[in-house]
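In: Build me a structure from this.
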Amino acid sequence: MRNIFRDPTRLWETRALIIVATAAGLAMPLAALRAPAKDQPFRSASAPQGWHLAGSNPENYETGVDAEAKRNGLPIAYLKSKPSATQGFGTLMQMFSAGKYAGQRIRLSASVKAEEVKDWAGLWMRVDVNTKAFALDNMMDRSIKGSVDWHEYQVVLDVPKDATAVAFGILVNKSGMVWLNNVRFETVSAEVPVTAKPFGETQTGPVNLNFEN
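Out: Numbers count the residues shown, from 1 in each chain. Okay, here's the model as predicted:
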């Protein structure tokens, strides 16, 4: 089975966010995570039930559930780089049908702890319409770096009525380790701002022409 996270022919069209990224390592996760829903990621026997280990270089990462630790009474999953993880990224992820959330705004929330993340890490969520990504946020603009104690993170996206799938997870770019706990999905009102706009959406007029903010 073809691994869509490693297939350069399926990378999405360049966006402004990628154009301004100066490091290829920062751009790659955003591109690779915008893979169509019909393909399936690499499966790992050590991943928690219902989850998959994927990424541009999944063989350079390991994942599982920390059998000796719990937080708020809940098990803790982890994603950890191997010494070979000098390029690319790994992600612990899953995908589900968008039907339940069609036409609504959804929020992915989770508690994350990080240790020695050399480049960056982040929660991510993607909404697909058939074979195209409608919206994606991987926290690249507010990423997790270095060693950080438990903190709550959120990703909020709109799900159009014709959405077909939602994918989500946590990624580590290059080296580092993250722990994941208390993952939650919920619908929210329109008053809760999205953390990323749909692809192709344009602003209604020119802004910040004097570079004052």
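In: What's the mean pLDDT across the strand ranked longest in the chain?
Out: Ranked by residue count under DSSP state E, the longest strand found in the chain is strand 104-129. Per-residue pLDDT values across strand 104-129 average out to 96.
In: Would you mind pulling up the elements that it packs against?
Out: helix 24-32, strand 132-137, strand 144-159, strand 165-173, strand 177-188 (3 or more C-beta pairs under 8 Å, 6 or more residues apart in numbering; DSSP states H and E). For the C-beta atoms, the positions are set from N, CA and C on the backbone; glycine is no exception.
In: Across the sheet, point out what pairs with A77.
Out: Taking DSSP bridges as the rule, A77 bridges to V65, L180.
In: List the contacts of it.
Out: 48, 51, 63-66, 92, 179-181 (C-beta atoms under 8 Å, 6 or more residues apart in numbering).
In: Sort those residues by pLDDT and name the bottom one.
Out: Out of these, that is D66, at 81.
In: Run a quick neighbour tally on the closest residue in space to it that isn't next to it in sequence.
Out: Of all residues not flanking D66 in the chain, I76 sits nearest, at 4.6 Å (C-beta to C-beta, 6 or more residues apart in numbering). I76 has 19 neighbouring residues, counting by other C-beta atoms under 10 Å.
In: any idea which residue sits dead centre in this structure?
Out: Computing the C-alpha centroid of the chain and ranking residues by C-alpha atoms, centre = their mean puts W124 first, at 2.1 Å.
In: List phi and psi for the residue lying closest to it once chain neighbours are set aside.
Out: Once flanking residues are discounted, W124 sits nearest to N138: 3.6 Å by C-beta to C-beta, 6+ apart. Dihedral angles of N138 (phi, psi; degrees, to the nearest 10) stand at phi -120, psi 20.
In: N138 touches G122, doesn't it?
Out: Yes: proximity of N138 to G122 meets the contact threshold set by C-beta atoms under 8 Å, at 5.4 Å.
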